[in-house]
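S.K.: Sharing a sequence plus its predicted fold:
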Amino acid sequence: MIGTHLICYYGGIMGPDDANNSIEELHATVHGFVQGVGFRYFVVQKAQALGIRGYTRNESNGDVEVLAQGTRIALERLLTLLHQGPGYADVDTVQTNWRTPTEYMSGFHIRW
């Protein structure tokens, strides 16, 4: 008997309805009080749990950048979490740009 779930290319668990989803890329810039509150570590934890690849980093203007690759449903879940942030963050807005990945990302990590 074949199982109803499989390990996807990006390391997460997908159900049968997710298997045909193509990999997309989300570039997000998070504005607000988002540095010095554990925001990047929050993003890494959530992205890894969702099987997403990419990176997050602080910008010199106080924003946090996120580049994430995964299925649309996983990226939308991450985007919802970016709007919330960790407990001490105060997110004002999240600018997004959806696109087709142009390079393969391995893992999800913090860039400096």
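M.R.: Here it is on my side, so go on. Numbering: from 1, shown residues only.

S.K.: So for residue 104, what pLDDT did the model give?
M.R.: Residue 104 is assigned 89 on the pLDDT scale.

S.K.: In contact with it, which residues?
M.R.: By Cβ atoms under 8 Å, 6 or more residues apart in numbering, the contact list for residue 104 reads residue 53. In short, each C-beta sits where N, CA and C put it, glycine included.

S.K.: Likewise for residue 107?
M.R.: Residue 107 makes contact with 48, 53, according to Cβ under 8 Å, 6+ apart.

S.K.: Can you give me the distance of it to residue 31?
M.R.: In this view, residue 107 and residue 31 are 26 Å apart by Cβ to Cβ, to the nearest Å.

S.K.: on contacts alone, who are the packing partners of the lengthiest helix in the chain?
M.R.: The helix that spans the most residues within the chain, counting by DSSP state H, is helix 72-84. On a contact count with 3 or more Cβ pairs under 8 Å, 6 or more residues apart in numbering; DSSP states H and E, helix 72-84 meets strand 23-33, helix 39-49, strand 64-71, strand 90-99.

S.K.: Show me what secondary structure element comes after the last one.
M.R.: Read that as strand 90-99. Moving toward the C-terminus from strand 90-99, the next helix or strand (DSSP states H and E) is strand 108-110.

S.K.: Quick check: buried residues in stretch 60-68?
M.R.: Of all the residues in stretch 60-68, those buried under the rule 16 or more other Cβ atoms under 10 Å are 63-68.

S.K.: closest to residue 36 among these?
M.R.: Using Cβ to Cβ, residue 64 comes nearest to residue 36 of the buried residues of stretch 60-68, at 10.7 Å.

S.K.: Surely that closest one touches residue 36?
M.R.: No: counting by Cβ atoms under 8 Å, residue 64 stays clear of residue 36, with 10.7 Å between them.

S.K.: May I have the beta-bridge partners of residue 27?
M.R.: residue 67, residue 97 (DSSP bridges).
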